[in-house]
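Asker: I'll drop the sequence and a predicted model, then ask my questions.
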Amino acid sequence: MNARTASKAAAYAVGLALIAYGLRGIVTDVPVTRWAKWFAGAAVLHDAVLVPAVLAAGALTGLVPAGHRRIVRAALVVGACVTAVAIPVVLAYGRRADEPSRLPLPYGRNLAIVLGAIAAAAACALVVRAVTAHRTAGDGRHGGATRAPKPSRKEPGR
């Protein structure tokens, strides 16, 4: 067994141990009906909301020119991940009127600022791509890598 195989086996063993620990916690600490509701809700959310949204975004970004599509899709993925993490605080889950120090910030506004920064970074990347494509098209070269000439078939010394 080489080092790579051994490290994979160790990672799988640690992952399985963590899964077993989590399952034990669910079985011993969470009522079955509550867990079943959560699991069913997650499945419905995934199948009824997440998958159609991703398919629609993929179809719409298919309309974007091919050279810019990767940047637009990357910005959408990053924005979706940030939004998914921020949703609980934006919706104020856990906020209590008798404890004003819990979730005191304007999280909706802050999420909008972060999403704006992601959009601005994507726009800057699109501009850089357009400028570099314009420069390479304007100087007569085609841009990108060029192939080295093929070596001669003649043997050296003849």
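Answerer: Noted; the coordinates are in hand. Numbering: from 1, shown residues only.
Asker: tell me which element Ala130 is part of?
Answerer: Secondary structure assigned from DSSP states H and E places Ala130 in helix 107-138.
Asker: just checking, what packs against that helix?
Answerer: helix 66-90 (3 or more C-beta pairs under 8 Å, 6 or more residues apart in numbering; DSSP states H and E). For the C-beta atoms, the positions are set from N, CA and C on the backbone; glycine is no exception.
Asker: quick one: least confident helix or strand in the protein?
Answerer: helix 32-45 (a mean of 89; mean pLDDT, DSSP states H and E).
Asker: identify the residues contacting that one?
Answerer: Ile26 (C-beta atoms under 8 Å, 6 or more residues apart in numbering).
Asker: that older thread, buried sites along the helix holding Ala130?
Answerer: Across helix 107-138, burial judged by 16 or more other C-beta atoms under 10 Å covers Tyr107, Leu111, Leu115, Ile118, Ala122, Ala125, Leu126.
Asker: do the same with stretch 27-42
Answerer: Counting neighbours, the buried set in stretch 27-42 is empty (16+ other C-beta under 10 Å).
Asker: how about the CA coordinates for it, as PDB?
Answerer: What follows is stretch 27-42 as a C-alpha-only set of coordinates in PDB (Å, rounded to 0.1, in the frame of the first residue of the first chain):
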ATOM      1  CA  VAL A  27     -30.900   8.600  16.700                       C
ATOM      2  CA  THR A  28     -30.400   9.300  20.400                       C
ATOM      3  CA  ASP A  29     -31.200  13.000  20.700                       C
ATOM      4  CA  VAL A  30     -33.700  13.900  18.000                       C
ATOM      5  CA  PRO A  31     -37.300  12.600  17.900                       C
ATOM      6  CA  VAL A  32     -38.000  10.600  14.800                       C
ATOM      7  CA  THR A  33     -41.000  12.800  13.700                       C
ATOM      8  CA  ARG A  34     -38.900  16.000  14.000                       C
ATOM      9  CA  TRP A  35     -36.100  14.400  12.000                       C
ATOM     10  CA  ALA A  36     -38.500  13.100   9.400                       C
ATOM     11  CA  LYS A  37     -40.000  16.500   8.900                       C
ATOM     12  CA  TRP A  38     -36.600  18.100   8.500                       C
ATOM     13  CA  PHE A  39     -35.500  15.500   6.000                       C
ATOM     14  CA  ALA A  40     -38.700  15.700   4.000                       C
ATOM     15  CA  GLY A  41     -38.500  19.500   4.000                       C
ATOM     16  CA  ALA A  42     -34.900  19.400   2.800                       C
END
